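A.B. asks: The sequence isn't on hand, but the structure is:
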């Protein structure tokens, strides 16, 4: 399945988005000959699926790879991204509140200066 960069990127995108990753997994685990229905979404120039006849699957190597990629890339990375965005929003909110408070304090100070002068 990952015989070209184009197929690798497509397969990796499918795995990361958890959209059809099981089809990519089965094709890599069992091979094109055993699981021919697992065709990539991209077609070659002739309109046929790119699958080398007689290729065998990678077996447990594919299973370990897919478990690691699905767990880390599909579940852990999005959670980390959401956490980073939430922390950034919180820091931005705190800075804007501090700026607003400083602005209010400076307006009060200017009003007091004008009142006593």
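C.D. replies: That came in fine, so what should we check first? All figures in this text were calculated on a predicted structure; none of them were measured in a lab.
A.B. asks: buried sites along stretch 68-87?
C.D. replies: Across stretch 68-87, burial judged by 16 or more other C-beta atoms under 10 Å covers 69, 70, 73. From N, CA and C alone the C-beta is placed, and that goes for glycine too.
A.B. asks: from memory the last one sits against residue 14, does it?
C.D. replies: No - Residue 73 is not in contact with residue 14 according to C-beta atoms under 8 Å; the separation is 11.1 Å.
A.B. asks: Give me the pLDDT for residue 47.
C.D. replies: Listed pLDDT for residue 47 reads 43.
A.B. asks: go on, the one 4 residues further on?
C.D. replies: At residue 51 the predicted local confidence, pLDDT, stands at 63.
A.B. asks: Residue 101 sits in which helix or strand?
C.D. replies: Per DSSP states H and E, residue 101 falls inside helix 77-116.
A.B. asks: Work out the gap between that helix and the centre of the chain.
C.D. replies: Centroid displacement of helix 77-116 relative to its chain, using C-alpha atoms, centre = their mean, to the nearest Å, is 31 Å.
A.B. asks: ditto for stretch 22-35
C.D. replies: Taking C-alpha atoms, centre = their mean, one finds the center of stretch 22-35 at 23 Å from the center of the full chain.
A.B. asks: residues of that stretch that come out buried?
C.D. replies: For stretch 22-35, by 16+ other C-beta under 10 Å, it's 23, 24, 25, 26, 27, 28, 29, 30, 31, 32, 35.
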